[in-house]
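Novice: Sequence first, then the predicted structure:
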Amino acid sequence: MFKDNLLKGKKILVTGGGTGLGKEMSEHYIQHGAEVVICGRRESVLEETAKEFKDKYDSLVRYESLDIRSPQDVQDFIERIFQEGPLHGLVNNAAGNFISPTKDLSSRGFDAIANIVFHGTFYVTHAVGKKWLENDLKGSIISILATWVWTGSPFVVPSAMSKSALHAMTKSLAVEWGPHGIRVNAIAPGPFPTEGAWARLSPKGQLDDNNPMGSIPMGRTGEMSELQNLATFLMADGCEYLTGQTIAIDGAQYLSGGGTFSQLSKMSEDDWSEIRDMIKKTNDADKKKRSI
Ligand code: HXC
């Protein structure tokens, strides 16, 4: 879809870049010429991913273990990166989530999610944004959100609340930092199965294909290459006027829950034929009554 050197000369930080969606986006950025920095809580995972990228692409990936819940650690980490040279892009991918009835959540359970997603993402965005402003540099931020920012979502309320706040951050900072050439966008992926997320969000296969809970008009979950392409498009130069947007990539899943009749796409031709007959009978009966 893109030229191989599309991102050449760009240095991009991907939080949570050692696994899952973060690893996939990092790999795509490297394939398109970028220098990538990854961080996450588990050093051994980061080391393994960096080695894999080195072996595959001969690309040196800088990695460091970082808990984004600590504002001081975030600040120090970003300082160290910029001392080696400026960042051009940031992908806020690190997150935490699990499904649970809200009544069963303890305050620590709520904080476990909110501290990572809501607070942690702000700390990283703030630290990187300040460096760009201080040094008069342009930059691009992409946050990985969820379609719950528009619909809300039961059973993942701390995540839905936190990601909605980041949706507000995306729109707000696009305006505040736009005059300085800093773009702020977000991606709201539908179901893109990864090991980490699915173990916590679909432990019994609730979100799998062919399951009524996974009512996706396109009839399938997302292909990782589709997400990678969108993340690369948003990071690349060429559409810099695009800012302040959260873009859903979900096979129209969230829109399908919004219309009263959206579930009717599951009906067969026979169902429709039966329904036409039933409606006709009602109309005919009405007409008969009116003519009496
Ligand atoms: C109820 C739970 C719970 C559960 C944890 N807690 N799991 N409560 N149901 N299933 C409670 C604990 O009991 C504890 O409260 C508190 O949360 C903190 O638990 P810890 O295990 O100590 O938390 P911590 O080590 O900080 O781990 C954070 C975590 C964990 C978020 C809970 O899952 C994690 O590290 N996840 C990182 C990766 C991840 O979640 N990936 C999925 C992202 S998917 P008490 O009161 O008992 O002490 C995503 C969106 C996908 O973001 C969108 C798809 C459409």
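Specialist: Done, it's in.
Novice: Show me the beta-bridge partners of the residue nearest to the spatial centre of the chain.
Specialist: Residue closest to the mean C-alpha point of the chain, counted by Cα atoms, centre = their mean, is Ile144 at 2.6 Å. Residues in a beta bridge with Ile144, per DSSP bridges, are Ile187.
Novice: show me what contacts the residue in the stretch 1-150 of the chain positioned nearest to the ligand?
Specialist: Distance from the ligand to each residue of the stretch 1-150 of the chain (Cβ to the nearest ligand atom) is smallest for Gly96, at 2.8 Å. For the C-beta atoms, the positions are set from N, CA and C on the backbone; glycine is no exception. Contacts for Gly96 (Cβ atoms under 8 Å, 6 or more residues apart in numbering) come out as Ala112, Ile113, Ile116, Val117, Ser159.
Novice: isn't the residue nearest to the centre of the chain right next to Pro189, touching?
Specialist: Yes: assessed by Cβ atoms under 8 Å, Ile144 is found in contact with Pro189 at 6.8 Å.
Novice: between the two, what contacts are shared?
Specialist: Counting by Cβ under 8 Å, 6+ apart, the residues touching both Ile144 and Pro189 are Leu21.
Novice: which residues are contacting the longest helix belonging to the chain?
Specialist: Counting by DSSP state H, the longest helix found in the chain is helix 269-291. Contact with helix 269-291 is made by Met267, as judged by Cβ under 8 Å, 6+ apart.
Novice: With just CA atoms, put that helix into CSV.
Specialist: C-alpha atoms of helix 269-291 as CSV (Å, rounded to 0.1, in the frame of the first residue of the first chain):
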residue,chain,number,x,y,z
GLU,A,269,-34.9,-14.1,2.0
ASP,A,270,-37.6,-16.5,3.4
ASP,A,271,-37.9,-14.4,6.6
TRP,A,272,-38.4,-11.2,4.4
SER,A,273,-40.9,-12.9,2.2
GLU,A,274,-42.9,-14.0,5.3
ILE,A,275,-42.7,-10.5,6.8
ARG,A,276,-43.9,-8.9,3.5
ASP,A,277,-46.9,-11.2,3.6
MET,A,278,-47.6,-10.3,7.2
ILE,A,279,-47.4,-6.6,6.5
LYS,A,280,-49.6,-6.9,3.4
LYS,A,281,-52.2,-8.8,5.4
THR,A,282,-52.3,-6.0,8.0
ASN,A,283,-52.5,-3.3,5.3
ASP,A,284,-55.3,-5.2,3.5
ALA,A,285,-57.2,-5.6,6.8
ASP,A,286,-56.9,-1.9,7.4
LYS,A,287,-58.1,-1.0,3.9
LYS,A,288,-61.1,-3.3,4.4
LYS,A,289,-62.0,-1.6,7.6
ARG,A,290,-61.7,1.8,6.0
SER,A,291,-64.0,0.8,3.1
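Novice: I'm done for today, thanks for sticking with me.
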